[in-house]
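In: I'd like to go over a predicted model; first the sequence, then the structure.
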Amino acid sequence: MKHRITLIPGDGIGPEIAASVVRIIEASGVAVEWETHYAGAQALEKFGETLPQALLDSVTRNKVALKGPVTTPIGKGFTSVNVGLRKALDLYANLRPIRALPNVPCRYPELDLVIVRENTESLYAGLEHVVVPGVVESLKIITEKASTRIARFAFEYSQREGRKKITCGHKANIMKLSDGLFLDCFRKVAAEYPDIEADDKIIDNACMQLVMRPEQFDVMLLENLYGDIVSDLCAGLIGGLGLVPGANIGEKGAMFEAVHGSAPDIAGQGIANPTALLQSGILMLRHIGEREAADRTESAMLQVFIDGKVRTKDIGGTANTAEFANEIIAQMK
Ligand code: NAI
């Protein structure tokens, strides 16, 4: 069966890593017809808008997308394409497995935890306005509906994947209403899953604990902004942003993308690590039912890490993006 998948190469290092990941996925034997669409800065240049309707139509039709990072200018310009895509397609759950890889120099080589991030609300929705000149207001919206839905997603995921414990991170001691509601919904849903341990931690303490003793965490449930920040922190625990994948999941579809951004500091050099997007692609293959291709790709990738000879610069190697991809493809032959 041929899968039709929307491919959004993105900005900066996006097209470089996307090209390598597409080659690896195709080498796994799975049949894919890619529908390539531009978003962000490239789309603005070509079509005068950052999130073209044709792209949204493509993802809605195909229900699956693989996406590279998109640049969002700070302060001015266009609003985030990522926020727009997640909202438009109601991709309410963001799943980020944080798993150390063999031979990658890092602080916690045994670490294996998963972040479940609410993807549609909170301060990250970027609802802000100028009240009077010199005063801005940023709205943190938290709803019972979205908080319950993401808590249920976290418990269902944990049950399916054999995870034992979920820790909800919050600041309900200060934001008693908003974070309080998020925590209440977590506790209510937790009562329906007595076989999974439910724990909660104030987010600042959770960050400290993550750095000191991350092995105490199994699954972390976080609202949107905390999830964004803690994901990067966790990437740092296992060797950096070049490694951590992500899945944005909703009722209508799913979009797979790395945690990292467009890395303008190394864009155009062909040296970015494609592992994070590749691991997102492996999650995608499992999502579309291509388990064998996913396993084959993952084994080849792990073998390249175990051999440790071909690795990209960010994790101490000298290989470029294409050479690393070639090595994985060679493993599959
Ligand atoms: P970034 O994640 O792009 O880069 C942070 C650091 O990590 C840089 O030093 C970069 O070189 C390195 N890095 C990231 N990915 C790497 C990879 N695959 N291989 C090797 N090194 C890698 O974060 P930054 O610089 O804060 O953001 C740049 C742009 O990306 C911004 O416009 C931001 O809004 C956007 N962004 C987009 C995301 C998305 O599309 N999902 C997510 C995060 C940021």
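Out: Perfect, thanks for sending it. Numbers count the residues shown, from 1 in each chain.

In: use CA for all of it now, contacts and neighbours both
Out: Noted.

In: I'd say A18 and G12 touch.
Out: No: with contact defined as CA atoms under 8 Å, A18 does not reach G12; the gap is 11.0 Å.

In: now do the same for P73: its pLDDT.
Out: pLDDT, P73: 68.

In: cool, K252 as well?
Out: For K252, the model assigns a pLDDT of 86.

In: right, and it touches A65 too?
Out: No: using CA under 8 Å, K252 makes no contact with A65, being 11.8 Å away.

In: between those two, who's got more neighbours?
Out: A65 (26 against 14; other CA atoms under 10 Å).

In: tell me what that one is bridged to.
Out: T6, M255 (DSSP bridges).

In: mind checking if stretch 50-67 is in reach of the ligand?
Out: No: counting by CA under 6 Å from any ligand atom, the ligand has no neighbours in stretch 50-67; the shortest distance is 7.8 Å.

In: neighbours around G29, how many?
Out: G29: 15 neighbours (other CA under 10 Å).

In: how far away is it from Y38?
Out: 26 Å (CA to CA, to the nearest Å).

In: near the ligand, which residues of this protein show up?
Out: Counting by CA under 6 Å from any ligand atom, the chain sits next to the ligand at 69-73, 82, 241-242, 259-266, 272-274, 314.

In: now the residue nearest the centre of the chain: closest residue in space, sequence neighbours ignored.
Out: With distances taken as CA atoms, centre = their mean, the residue of the chain nearest its centroid is G246 (2.5 Å). Nearest non-adjacent residue to G246, counting by CA to CA, 6 or more residues apart in numbering: R96, 4.6 Å away.

In: would you agree Y108 is in contact with I238?
Out: Yes: counting by CA under 8 Å, Y108 touches I238, with 5.9 Å between them.

In: report the set of residues contacting both of those two.
Out: A100 (CA atoms under 8 Å, 6 or more residues apart in numbering).

In: between these two, which one's more packed in?
Out: The residue with more neighbours, out of Y108 and I238, is I238; 23 against 19, by other CA under 10 Å.

In: returning to what we had before: out of the residues of the chain next to the ligand, which are buried?
Out: The neighbour count (16 or more other CA atoms under 10 Å) marks 69-72, 82, 241-242, 259-263, 272-274, 314 as buried among the residues of the chain next to the ligand.

In: out of these, who's nearest V136?
Out: Distance to V136, by CA to CA, is smallest for T72 among these, at 20.2 Å.

In: am I right that the closest one sits in a strand?
Out: No: counting by DSSP: H, G, I helix; E, B strand; the rest coil, T72 is not part of a strand but coil.

In: contact partners of the helix or strand bottoming out on mean pLDDT in the chain?
Out: Scoring the helices and strands of the chain by mean pLDDT, DSSP states H and E places helix 81-88 at the bottom, with a mean of 80. Helix 81-88 is contacted by residues 39-40, 50-51, 56, 70, 72, 91-92, 119-120, 125, 248 when judged by CA under 8 Å, 6+ apart.

In: one more pass at 10 Å, please.
Out: 39-41, 50-51, 55-56, 59-60, 67, 69-72, 90-94, 119-121, 124-126, 248-250, 254-255 (CA atoms under 10 Å, 6 or more residues apart in numbering).

In: restrict that helix to CA atoms and write it as PDB.
Out: Only the C-alpha atoms of helix 81-88 are listed here, as PDB (Å, rounded to 0.1, in the frame of the first residue of the first chain):
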ATOM      1  CA  VAL A  81       3.200  28.600  11.900                       C
ATOM      2  CA  ASN A  82       3.500  25.800  14.400                       C
ATOM      3  CA  VAL A  83       0.900  27.200  16.700                       C
ATOM      4  CA  GLY A  84      -1.300  27.800  13.700                       C
ATOM      5  CA  LEU A  85      -1.000  24.300  12.300                       C
ATOM      6  CA  ARG A  86      -1.600  22.600  15.700                       C
ATOM      7  CA  LYS A  87      -4.600  24.800  16.300                       C
ATOM      8  CA  ALA A  88      -6.100  24.500  12.800                       C
END
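
In: partner strands of the next helix or strand after it, with direction?
Out: Note on helix 81-88: by DSSP states H and E, the next helix or strand toward the C-terminus is strand 93-99. Neighbouring strands of strand 93-99 in its sheet, by DSSP bridges, are strand 112-118 (antiparallel), strand 247-249 (antiparallel).

In: quick check: angle from strand 93-99 to helix 81-88?
Out: 130 degrees (axes from the mean of the first three to the mean of the last three CA atoms, to 10 degrees).
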